[in-house]
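Asks: Show me the folded form of this:
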Amino acid sequence: MRFGVLGATAAWRRDGTQVPLGGPARRALLALLLVRPGEAVSAEGLADELYGAGGLTSRGGPGHALQSQVSRLRGVLRPDADIESTPAGYRLTGASGASGADVDVDVDVDTARFEVLADDGRAALAAGDASRAADLLAEALGLWRGPAFADAAETASGEAAAARL
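Replies: Alright, predicted model coming up:
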């Protein structure tokens, strides 16, 4: 599955069809899980960022709202990706049961592609290959569809990740 956070949060299946993620809470949740793909994010931290001061509103408390959004997001991402519950929190993984390993080979995020292309472009420029550098950097910039982590822009993690990029 391919994910995009260089603009509005988006997900595409292997065949290229876009996944209907749903409303702002689900898109923000996915964006926060994509700040550090494959790493667990604490449920308390997610709830604080999504529903804490200045965050989205929730009925039944932030913990219940988070569980509900995780469940709904799981439903639209499966079978190509999943959100795993761990003792440390939630983490985005590749297809459920795809390999049984803890390696997220099926999670492809545009930020990782951008960083590789930008690094390769800088290296080509440093090596004196301006034409290749221009091609690589243009490809990197072409991945941007809007502000980075736009759906999590009002969260500390989303803001920090966007600033870093």
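Asks: residue contacts, the most centrally placed residue in the chain?
Replies: Centroid-nearest residue in the chain: residue 34, 2.6 Å away (criterion: C-alpha atoms, centre = their mean). For residue 34, the contact set (C-beta atoms under 8 Å, 6 or more residues apart in numbering) comprises 3, 5, 9, 92, 109, 111. (Each C-beta comes from the backbone N, C-alpha and C, glycine too.)
Asks: make it 6 Å
Replies: 3, 5, 109 (C-beta atoms under 6 Å, 6 or more residues apart in numbering).
Asks: Of the residues you listed - the most surrounded one?
Replies: residue 5 (32 neighbours; other C-beta atoms under 10 Å).
Asks: what's the neighbour count on residue 74?
Replies: By the criterion of other C-beta under 10 Å, residue 74 has 16 neighbours.
Asks: residues in contact with it?
Replies: With contacts defined as C-beta under 6 Å, 6+ apart, residue 74 is in contact with residue 83.
Asks: gap between it and residue 33?
Replies: 11 Å (C-beta to C-beta, to the nearest Å).
Asks: same deal with residue 136?
Replies: 28 Å.
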